[in-house]
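[1] Pasting the sequence and the predicted coordinates here, then a few questions.
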Amino acid sequence: MTAIERRQDPTSLLLKRMSEQECARFRNRNLRQPGTDRRVHEVELRDWVGGLKLPAPACHQPLDGSGLAGRREPVTLPVDCAKCLSRNPDPFTPLTVVDGGQLTLDLRSEESDHS
């Protein structure tokens with residue numbers, strides 16, 4: 001199929017429109033898939049069909065089958081998927097999100113330890 005034919009083919013036009021709509025929905029947003037695991041993922045544009053792109057979890061978690069039906073949710077919530085965070089950890093993300101707990105900082109002075 002030539003480039004001109006692809007621009008006029010109804011299926012190609014539908015796929016292109018779907019790709020553009022999904023990419024626009026997730027611009028500057030994180031992704032939450034439907035289902036029981038409601039983790040928030042960083043978004044990565046992945047190759048799809050015919051050179052088109054689709055937003056997907058950056059951790060390469062498989063896309064939920066209903067994702068193409070527009071059921072993936074664009075959110076502004078912080079990423080809480082451990083795999084996504086380990087790819088490119090944000091220094092401003094609290095440790096509780098990364099490893100499940102934050103160490104307690106001992107603020108006692110050395111002088112009070114000896115009294």
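    Done, it's in.
[2] in the chain, which spans are strands?
    For the chain, the strands defined by DSSP state E occupy 30-32, 40-41, 43-47, 53-57, 73-75.
[3] Mind checking those for the one nearest to K16?
    Proximity to K16 (C-beta to C-beta) singles out strand 53-57 among these, at 10.5 Å. The C-beta positions use only the backbone N, C-alpha and C, and glycine is treated the same way.
[4] need the strands of the chain in a markdown table with mean pLDDT and mean neighbour count, can you?
    Below are the strands of the chain laid out as a markdown table (pLDDT from 0 to 100; neighbours: other C-beta atoms under 10 Å):
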| stretch | mean pLDDT | mean neighbour count |
| --- | --- | --- |
| strand 30-32 | 91 | 23 |
| strand 40-41 | 92 | 22 |
| strand 43-47 | 91 | 16 |
| strand 53-57 | 91 | 22 |
| strand 73-75 | 92 | 16 |
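[5] right, so of those, which gets closest to L85?
    Closest approach to L85 among these is made by strand 40-41 (9.8 Å; C-beta to C-beta).
[6] which stretches of this protein aren't confidently modelled?
    Within the chain, the segments meeting pLDDT under 70 span 1-7, 36, 64-70, 88-115.
[7] The same query, at a cut-off of 90, please.
    Applying pLDDT under 90 to the chain flags the ranges 1-9, 12, 32-39, 48-51, 60-72, 80-82, 84-115.
[8] Would you format the strands of the chain as JSON lines with distance to S12 included?
    Shown next, in JSON lines, are those (distance: least, C-beta to C-beta, whole Å):
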{"stretch": "strand 30-32", "distance to S12": "25"}
{"stretch": "strand 40-41", "distance to S12": "28"}
{"stretch": "strand 43-47", "distance to S12": "16"}
{"stretch": "strand 53-57", "distance to S12": "15"}
{"stretch": "strand 73-75", "distance to S12": "25"}
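[9] Nearest approach to R87 belongs to which of the ones you listed?
    With respect to R87, and counting by C-beta to C-beta, the nearest of those is strand 43-47 at 9.1 Å.
[10] orientation of the closest one relative to strand 53-57 in degrees?
    On the basis of axes from the mean of the first three to the mean of the last three C-alpha atoms, to 10 degrees, strand 43-47 is oriented at 140 degrees to strand 53-57.
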